[in-house]
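Engineer: okay, structure incoming, though there's no sequence with it:
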């Protein structure tokens, strides 16, 4: 699992925010576009691309892409 | 020889089914985003509403039921398309909000509309897949030689199932009714279907109160940490599970509908999906790799009207002259239940 791929897949769940603006430090909850629907799309993506099931409640404490990435890694 | 004759005769007798006309009705009362903001000042209504793509939705009056709205939609259909109501020889009414346990609302509507009495009439209980299922039943009635002009009414009043503090669902859902005449002739031939059912999802979109399993209110209301009301007395939707179901089922559904109609995806001129919410629809569109201009969205001024989203979208797409060639319809949701069909214009 590669951080760059993860960022790309993460960014694809957004309609208005350009993928190139995402970094591991991006605090995604502060993005204009962020909503619970993006969260569902991100969790769905993680399930499909990485075979890891993360529940919405487990995702709640994560703030940055790095933290979410670490959460996925910890479940691998 | 005789066998050959029988086949020729069967082909000759087999009637194609067509959508002949569509009209829809919206209740008078309008719930705007501004009104929701006033009720939920602490919440980002505007942001959520823009995400789900709804600026206003219509809400049935307190004494206005799905059967009332369905009757009005049918009256509009007869007036708008100069249809003589005496041609209707079957009535199908799709709702999850009937007037009574018994009699079936379709009988009440037959009387209100002054339809003939020598016709069939029945309700069927489906949500977001209901329109596609209704078309499949109507086509079956025509193919079986049972009826020739089926009045298919979809009507829903989810607003009556929602807790007043359920801001998310109140933002998404609107009330509406649509009336469609399915006939042996019309503007859109109803081709082949793919249907699906998975009752394992029943608990993820449900109104438990009021029927036999849980006749009385449980008064088990509590508010979760986000301030959302949770109670088995009101509509419950597990957004995450519905999201997962939809993103699994709909791409497969689309591919099966294409197979059943021996069509390739690029031979579809317009995709008209159940208008769940804008974000979800675009998510599905990208997942299935459908061009934006071939993907019809109409929910900004009506919201998610459950079983009426597809006929309303078809009506509006028709007004924009977008109904040409092959149209793929896909409905999916509560049940779980899903279905798709191709219309040939």
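Structural biologist: Good, I have the coordinates. Source: prediction; values computed, not measured.

Engineer: which residues of the stretch 201-345 of chain B lie near chain A?
Structural biologist: The stretch 201-345 of chain B comes close to chain A at residues B:239, B:240, B:243, B:244, B:247, B:277, B:279, B:280, B:282, B:283, B:286, as judged by C-beta under 8 Å from any C-beta of the partner chain. Using the backbone N, CA and C atoms, a C-beta is placed for each residue, glycine as well.

Engineer: can you add pLDDT and neighbour count and give these back as CSV?
Structural biologist: Below are those laid out as CSV (pLDDT from 0 to 100; neighbours: other C-beta atoms under 10 Å in any protein chain shown):
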residue, pLDDT, neighbour count
B:239, 87, 19
B:240, 85, 17
B:243, 90, 21
B:244, 90, 19
B:247, 91, 20
B:277, 93, 23
B:279, 91, 23
B:280, 92, 26
B:282, 92, 17
B:283, 91, 24
B:286, 91, 15
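
Engineer: for the residues you listed, which one is nearest residue A:43?
Structural biologist: Proximity of those to residue A:43 (C-beta to C-beta) peaks at residue B:240, which lies at 7.0 Å.

Engineer: give the helix, strand or coil label for the closest one.
Structural biologist: Here residue B:240 is recorded as helix under DSSP: H, G, I helix; E, B strand; the rest coil.

Engineer: quick one: the helices in the chain?
Structural biologist: All of this refers to chain A. With DSSP state H as the criterion, chain A has helices at A:3-11, A:36-50, A:56-59, A:65-75.

Engineer: ah, no, chain B please
Structural biologist: Using DSSP H, helices in chain B cover B:2-13, B:33-39, B:45-52, B:66-80, B:105-113, B:130-143, B:167-172, B:239-260, B:278-288, B:309-319.

Engineer: ok, of those helices, where does mean pLDDT dip lowest?
Structural biologist: Comparing mean pLDDT across the helices of chain B, the lowest value falls on helix B:2-13: a mean of 55.

Engineer: what sits against the spatially closest residue to residue B:110 that is not a sequence neighbour?
Structural biologist: In space, and not counting its chain neighbours, residue B:110 is closest to residue B:121: 4.9 Å by C-beta to C-beta, 6 or more residues apart in numbering or on different chains. Contacts here follow C-beta atoms under 8 Å, 6 or more residues apart in numbering or on different chains; on that basis residue B:121 touches B:90, B:91, B:92, B:93, B:104, B:106, B:107, B:109, B:110, B:115.

Engineer: the same query, at a cut-off of 10 Å, please.
Structural biologist: B:88, B:90-93, B:103-111, B:115, B:151 (C-beta atoms under 10 Å, 6 or more residues apart in numbering or on different chains).

Engineer: great, nothing more from me.
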